[in-house]
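Novice: Here is a sequence together with a model predicted from it:
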Amino acid sequence: MKYTNINFNNKTILITGGAGFIGSNLAFYFQNNYPDATIVVFDKFRNNETFSNGNLKSFGHYKNLLGFNGIIISGDITNTDDLKDLEISYKFDYIFHEAAISDTTVAEQDVMMSTNVNAYENLLKIAIKHNSNMIYASSAATYGDSNRFEVGYEQPNNAYGFSKVMMDNITTKYLKQNLNISIVGLKYFNVYGQKEFYKNSTASMVVQFGHQILKGLTPKLFEGSDKIVRDFIYIEDIIQANIKACSPKKSGIYNVGTSKARSFEDIVNILQKELNIDNGKEYIPNPFVGQYQFFTQANIDTTKEYLGYEPKYSLEDGIKEYIPNIIEIYKTEVKGK
Ligand SMILES: NC(=O)c1ccc[n+]([C@@H]2O[C@H](COP(=O)([O-])OP(=O)(O)OC[C@H]3O[C@@H](n4cnc5c(N)ncnc54)[C@H](O)[C@@H]3O)[C@@H](O)[C@H]2O)c1
């Protein structure tokens, strides 16, 4: 589905983090709708290096790009030589900046800041030189301990959330200059959908519960899960927001959610209904009390007004559309492994 009248054919589009969950979905959006666009995916891809929390340092995976026929560059956004090569080899019309340490539990603050904050500003400088509109991924994690989910009320409670606030601050600073480009920061809430599987344990609970249920296990929920509510947003609505952010009425930072908080219990109920499997539910103590977001719900008034964004997927609709892929990935990547 096309979300804009812009014709991206013959445009050159950079997608950093294009081998990851959201970036690879964007790459296919352009490939499928605009076959004459030049799509450049820049990503660090995975190796076996891990952070101190045991998780991979980067989640990019070639399997997210099977069938992609654009340009692939394996590089590091923190490496200024890699960025220089990008700058001199192309002239981008749009930059979608998705590359980041996306794992909210990473403790290495030095790498978090250089990857998420400093590299963003360097990419923004390229965008200004190339005259390319910049659309970058911020996060609902910027709200942290806040209970007001509106831009201006951020209260991050981990290094990841802090790094995304710093990206937003850089944006605000640049927007005070008279630039010829638009800059839009999108504060994604909890995203789920196709191509998230390779984020391993950091993938959404939708796919994790889905696979537990398919394995015949009883899904384990934290005690009080009916009251732990979040704004879960389906990947297709994230794509819509990114595309609409290419021609904003006003540059700025916007929430991207459904504006309807739903519980983890709801996720399990919907999955059990759609998969037609009921293994019951098990309740376990929540080890994260005190450092856990119990409620998130995007205020999307300005996103509607300035981007023309309108979420299309309820949690029921999103999971229903996602189910065939959850089953497929289960068969090819999980079962028997
Ligand atoms: N998925 C969500 O629920 C969610 C919510 C809020 C914000 N975000 C943000 O959206 C963006 C995309 O997230 P995602 O869910 O697709 O995560 P992801 O981890 O699948 O994608 C990030 C990609 O960036 C790449 N990358 C990491 N470090 C890099 C580096 N130094 N140089 C080049 N590439 C590098 C990774 O290999 C990966 O492919 C991120 O900025 C993330 O912080 C995601």
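Specialist: Good, I have the coordinates. Numbers count the residues shown, from 1 in each chain.

Novice: which residues touch the most centrally placed residue in the chain?
Specialist: For the chain, the residue sitting closest to the mean C-alpha position, by CA atoms, centre = their mean, is residue 22 at 5.0 Å. For residue 22, the contacting residues are 98, 137, 188, 191, 235, 238, by CB atoms under 8 Å, 6 or more residues apart in numbering. C-betas here are computed from N, CA, C, even on glycine.

Novice: got the residues of the chain near the ligand?
Specialist: 17, 19-23, 43-45, 58-60, 76-78, 98-102, 115, 137, 139, 188, 190-191, 199 (CB under 6 Å from any ligand atom).

Novice: Cross the residues you listed against helices and list the overlap.
Specialist: Filtering those for membership in helices, criterion DSSP state H, returns 21, 22, 23.

Novice: Please dump the residues you listed into TSV; it should also carry pLDDT and distance to residue 153 for every row.
Specialist: Formatted as TSV, the entries for those read as follows, by pLDDT from 0 to 100; distance: CB to CB, whole Å:
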residue	pLDDT	distance to residue 153
21	98	27
22	99	24
23	99	28
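
Novice: which one of these is nearest residue 252?
Specialist: The shortest distance between residue 252 and any of those, using CB to CB, involves residue 22 and amounts to 19.8 Å.

Novice: Spit out the contact partners of residue 4.
Specialist: Residue 4 neighbours (CB under 8 Å, 6+ apart): 243, 244, 246, 247.

Novice: got the contact list for whichever residue of the chain sits closest to the ligand?
Specialist: The ligand sits closest to residue 20 of the chain, with a gap of 2.2 Å, by CB to the nearest ligand atom. Applying CB under 8 Å, 6+ apart to residue 20 gives the contacts 43, 59, 60, 61, 64, 98, 99, 102, 199.

Novice: Please check these and keep the buried ones.
Specialist: 43, 59, 60, 61, 64, 98, 99, 102, 199 (16 or more other CB atoms under 10 Å).

Novice: could those residues go into TSV alongside pLDDT?
Specialist: Supplementary listing: these in TSV, determined by pLDDT from 0 to 100:
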residue	pLDDT
43	98
59	98
60	98
61	98
64	98
98	99
99	98
102	98
199	98
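
Novice: Please identify the buried residues of stretch 133-147?
Specialist: In stretch 133-147, the ones that count as buried by 16+ other CB under 10 Å are 133-144, 146.

Novice: For the stretch 201-337 of the chain, which segments are assigned as strands?
Specialist: Residue ranges of the strands in the stretch 201-337 of the chain, as given by DSSP state E, counting those that start in this stretch, are 220-222, 229-230, 232-234, 252-256, 262-263, 282-284.

Novice: Residue 195 - that's part of a helix, no?
Specialist: No - the secondary structure assignment for residue 195 gives coil rather than a helix, going by DSSP: H, G, I helix; E, B strand; the rest coil.

Novice: and it, how many neighbours does it have?
Specialist: Here the number of neighbours of residue 195 (other CB atoms under 10 Å) works out to 23.

Novice: What of residue 125?
Specialist: Using other CB under 10 Å, residue 125 has 13 other residues around it.

Novice: Equivalent analysis for the one 4 residues further on, please.
Specialist: The criterion is other CB under 10 Å. On that basis, residue 129 has 12 neighbouring residues.

Novice: Could you give the average pLDDT over the longest helix that the chain contains?
Specialist: In the chain, assigned by DSSP H, the helix with the most residues is helix 159-175. Predicted confidence along helix 159-175 averages 98 (mean pLDDT).

Novice: No more questions from me, cheers.
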